[in-house]
Structures are given as C-alpha cells and as structure tokens.
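Trainee: Need coordinates for the following:
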Amino acid sequence: MVKNITAAKLADKIDADEQFTLIDTRPEDSFEAWHVQNAENVPYDPEEGLNEEQLNEVNALVQGRPVVAICGKGLTSTPFAFELDEHGYDDAEVVTGGMEEWSKLYEVVPIESTNDDLVVQQIQRRAKGCLGYVVGSKQAEEAVVVDATRQTDQFKVAAQDAGLSIARVFDTHVHADHISGSPALANEVGVPYHLGEVASDRGVEYEYDPLSDGETVAVGDIEIEALHTPGHTSEMMNYLIDGDLLLTGDTLFVDSVGRTELQFGADDASRGAQLLYDSLHETLLELPDDIKVLPGHLTVTSDGRYENGSPGEPLTARLGDLREELDLLGLDKESFVERLTENAPEKPPNYETVIDVNTGKETIDDESEATELELGPNNCAA
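Mentor: Here you go, the predicted model:
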C-alpha cells in the first residue's frame, strides 16, 4: 500500500537516521542540479513504466529497506511508487508535493543573548540555506523581521509564538538567490519596509524607507544600528543588534564572505571585492571580538549536505574567532581581491530574473514559477 508523507516527515526520518532508501524520479540533469541528501536517482516516465533493468537497479538500491519516492511535485514519484507496490514493495511512501514542498521547509531556532529582554529567532530555510530573523523586545512585545523569504507566514507565526507583533521589516540587500518576502510581509501587516538608502541606485521600484549608515532604529529598548557594508552588493546593510549580535546578510558567513560579481559583473567584480575588503576591515572587524555573527545563509550543497551547521541548530560564530580562523580575513587587499575574482563559484540559478523580481522590475504571480526560479542551492558565498 502506497502512503503519502510530508516534506517535514521526510526531514524527521533523515534527522532520526532512519534506514530507508530515498529514490528521486526526476530526470538526471534536474537531480544533479539539486537533490535531498543521500537520494538515489532512478529517472521514471509514467508512460513507459519500469523496465527490467530499472527494476533490478531499484532492487539493488533498496536492499530490503523501506522506499520513499520524491520528484519535483509528486507527478512521477506517485505512479513510480504504485508500480513498485505492484512488484511487491508494500511499504513505499511518496513525498507530497516533492521538491517544491522540500524547498519550503523551515526550522525556527532561538538564539541566546545576554539581554533578557531581547528575543532573536533564526528562521532556517532547510533546503536553500536561507537564514532570516525575528528580532524583538519582550517588554515592548514588538519585533522586526530581517530577510524574510516569500513564505511570509513562517515569520508571522514565529513572531506570534514569541508573543511579538511585527513593527518593521528589513532586507539586508537585494537578494540574488531567492525571492524576498520582505516587501510582501511589510504590506501584509501594514508596517514600514526598510532597505539601505543606496538601493535607489539599483532602481528598486518597491516603496521602502531608506536607512543610512549609522542610523538607529529602536524596538522597545532594543537598538538596531544599520551599518553600510558594500561589496556583495552596493546597498548591503548589516544590522548591529543591542551592540551584541550582528546580522551580516551576505557580507560575512561563518565559513566565507559574500561573492561580488552577481551585481557588479565579471568585468567589475574587482571593484566589488575592494569594497567588500574595506567593509570587512574598516567596519565589521573594528567591532569587539565577542560580537556574535548571524549570517544570511548557511551552505547547503547541490546534493543536500550541510557544509556548516546542522538543521535546527543555531548557526552563529564569534567575530573574534572568524578573525583568527577565516583565511580570507587574513589576506592583504590585493590578495583578497585576486582570490574573489579568480575563483568565483557557479552562479545561483536564474539569479538575473530573481534580482529583477526583488527590485520590482518583474512580477511572478504563479507559485510554481516562483518555486522553479528558486530551485537549487544559494551559491552566494565566495
């Protein structure tokens, strides 16, 4: 009998280290571009069905373990599972909604602070590695949201569960790897939406309240200072929370720094790298060593592996530790620029269209089209 399971249930199985075989029935190129960790690829066409060679391949992969099937939306994995059922696999399960639903899976992770009034929640988008934040004051019962993804309900619920109402919404920058939900969230709850003031140079068509370098916004007694840190993008803002926590967007990660050619292009990537070097050394690394860095991404590879951190665990780093351990931060300016411009990784899928959506130049109303634009790892680190 074929059963359906949710993407969240699949995550639970993986996290509990259950023994099962995950078979992805998408075409090989789609599978290689992005898949769940430890999945095996058996491309399946419902019109052709399983041939003897494929069935033998499945038997060799499964080795008596339960089978879970997944595809893009459930359109091929479901008939695949039913055909397995006809061949004696009576424990086959199908992930409802497939990789589309996997891409929308989130964990809400509390971040510790020395201030009892401060609430910080790291909202982890598991498959993409996107990190957003709810930052608030218990006494004021208000919060700001930083770098919301388009599944805005995740941020509303996180704030509500913490007893906070959303008072403002921020983006650190114009994102290139995923569609921002921040303008929509601000509109939905009727609060201001903020970007760095230099965003005007990128032709952002959304209405936003500009923030200048050094400007401070308060949530109750919690102060949020905007720090202009150009490099990954020209308008990039980092947000210093209560002098203790630093939301670094795509400026500084726990294992790398932001790449610079997505906005500036290959011909001008060196200028972006020079700006980033100055932002790191003249702004961020001037802060105290005990500052806790909270980045905008963790690294999830195309085969679903976490290269830093674990799902559902806080992803943070002490600034002083990054200063000592991250080799990019120890380079001189010339070497830093050379490293970033000569070793650029593969670009995020559809990044130019994603940027157009996030500046308001293009609108995506279809859910499937939006999901397709975002499929794949984020690839925003150098």
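
Trainee: Tell me the buried residues in stretch 299-308?
Mentor: 299-300, 304, 306, 308 (16 or more other C-beta atoms under 10 Å). Just so you know, the C-beta spots here come from the backbone N, C-alpha and C atoms, and that holds for glycine as well.

Trainee: Spatially central, which residue of this protein would that be?
Mentor: In the chain, the C-alpha closest to the average C-alpha coordinate belongs to Cys130, at a distance of 1.3 Å (C-alpha atoms, centre = their mean).

Trainee: which residues make contact with the biggest helix by length in the chain from outside it?
Mentor: The helix that spans the most residues within the chain, counting by DSSP state H, is helix 261-282. By C-beta atoms under 8 Å, 6 or more residues apart in numbering, the residues outside helix 261-282 that reach it are 174, 176, 202, 228-234, 236, 251-252, 257-258, 260, 329, 333, 336-337, 340-341, 344, 347-348, 351, 355, 380.

Trainee: can you tell me how far the closest residue to Thr149 other than its chain neighbours sits from Ala11?
Mentor: Closest residue to Thr149 apart from its sequence neighbours, by C-beta to C-beta, 6 or more residues apart in numbering: Gly181 at 5.0 Å. Between Gly181 and Ala11 the distance, using C-beta to C-beta, to the nearest Å, works out to 21 Å.

Trainee: okay but Glu215 is in contact with Ala226, surely?
Mentor: Yes. When contacts are counted by C-beta atoms under 8 Å, Glu215 is listed as touching Ala226 (4.9 Å).

Trainee: Going by how many neighbours each has, rank those two and give me the top one.
Mentor: Between Glu215 and Ala226, counted using other C-beta atoms under 10 Å, the more crowded position is Ala226 (23 against 16).

Trainee: and Gly243, how many neighbours?
Mentor: Counted with other C-beta under 10 Å, residues neighbouring Gly243 total 13.

Trainee: Going along the chain, name the helices of the stretch 201-350 of the chain.
Mentor: Assigned helices in the stretch 201-350 of the chain, in chain order: 261-282, 319-325, 333-342 (criterion: DSSP state H, counting those that start in this stretch).

Trainee: Of Gly181 and Ala11, which one has the most company?
Mentor: Gly181 (22 against 18).

Trainee: any chance of the buried residues of stretch 299-308 in a markdown table, with distance to Leu118 and pLDDT too?
Mentor: Supplementary listing: the buried residues of stretch 299-308 in a markdown table, determined by distance: C-beta to C-beta, whole Å; pLDDT from 0 to 100:
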| residue | distance to Leu118 | pLDDT |
| --- | --- | --- |
| Thr299 | 27 | 84 |
| Val300 | 28 | 82 |
| Gly304 | 33 | 82 |
| Tyr306 | 27 | 82 |
| Asn308 | 24 | 82 |
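
Trainee: For PyMOL, write the select line for the buried members of the contacts of helix 261-282.
Mentor: The command below creates a PyMOL selection of those among the contacts of helix 261-282 that count as buried (16+ other C-beta under 10 Å):
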select buried, resi 174+176+202+228+229+230+231+232+233+234+236+251+252+257+258+260+329+336+337+340+341+348+351+355+380
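
Trainee: mind giving me the domain split of the chain?
Mentor: 3-101, 105-374 (automatic domain parsing).

Trainee: Point out the most buried one among those domains.
Mentor: The highest average neighbour count among the domains of the chain, using mean count of other C-beta atoms under 10 Å, belongs to domain 105-374 at a mean of 19.

Trainee: what about it, how long is it end to end?
Mentor: Domain 105-374 has its terminal residues 13 Å apart, counting by C-alpha to C-alpha, to the nearest Å.

Trainee: cool, and stretch 280-294?
Mentor: The first and final residues of stretch 280-294 sit 15 Å from each other (C-alpha to C-alpha).

Trainee: Check stretch 248-261 too.
Mentor: The first and final residues of stretch 248-261 sit 18 Å from each other (C-alpha to C-alpha).

Trainee: thinking again about what came up before, show the pLDDT at the residue nearest to the centre of the chain.
Mentor: At Cys130, the predicted lDDT confidence score is 94.

Trainee: quick one, what contacts it?
Mentor: Residues near Cys130 by C-beta under 8 Å, 6+ apart: 124, 147, 149, 177-178, 296-297, 378.

Trainee: can you redo the residues you listed as CSV with secondary structure, distance to Val157 and pLDDT?
Mentor: Output for the contacts of Cys130, formatted as CSV (DSSP: H, G, I helix; E, B strand; the rest coil; distance: C-beta to C-beta, whole Å; pLDDT from 0 to 100):
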residue, secondary structure, distance to Val157, pLDDT
Gln124, strand, 14, 96
Asp147, coil, 16, 98
Thr149, strand, 13, 97
Asp177, coil, 23, 91
His178, coil, 19, 93
Gly296, coil, 21, 96
His297, strand, 22, 94
Asn378, coil, 23, 72
